[in-house]
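1. below is the structure, and that's it, no one-letter string:
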């Protein structure tokens with residue numbers, strides 16, 4: 001499928017199928033221009049939805065965190081990693 005239409009095979013073009021006979025290039029071009037005009041709007045909506053999703057995920061992650069305050073004299077566990085050389 002190309003642009004939501006089935007592809008026309010060469011046999012259909014040579015035998016003058018009804019679909020080929022009723023094809024109007026100007027209507028096709030107008031539809032393509034409308035789709036191009038709407039493309040920016042669709043991209044903007046998608047960007048907004050992606051940002052909203054990112055904010056929801058971030059908020060959910062933050063809700064799982066427990067606030068902790070450390071003093072200078074507090075003991076904390078520190079993980080030691082071996083460096084590969």
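-> Here it is on my side, so go on. If you're wondering where the values come from, they're calculated on a predicted model, not measured in any experiment.

2. use CA for all of it now, contacts and neighbours both
-> Fine.

3. can you give me the buried ones in the host helix or strand of residue 29?
-> For residue 29, the element it lies in under DSSP states H and E is helix 25-64. Within helix 25-64, no residue qualifies as buried by neighbour count (16 or more other Cα atoms under 10 Å).

4. report the mean per-residue pLDDT for it.
-> Mean pLDDT, helix 25-64: 89.

5. chain center to that helix: distance?
-> Put simply, helix 25-64 sits 7 Å off its chain's centre (Cα atoms, centre = their mean, to the nearest Å).

6. next: stretch 51-71.
-> Distance, stretch centre to chain centre, for stretch 51-71: 24 Å (Cα atoms, centre = their mean).

7. could you list the residues in contact with it?
-> For stretch 51-71, there are no external contacting residues (Cα atoms under 8 Å, 6 or more residues apart in numbering).

8. doesn't residue 78 fall inside a strand?
-> No - assessed with DSSP: H, G, I helix; E, B strand; the rest coil, residue 78 is coil; it does not lie in a strand.

9. I appreciate the help and will end here.
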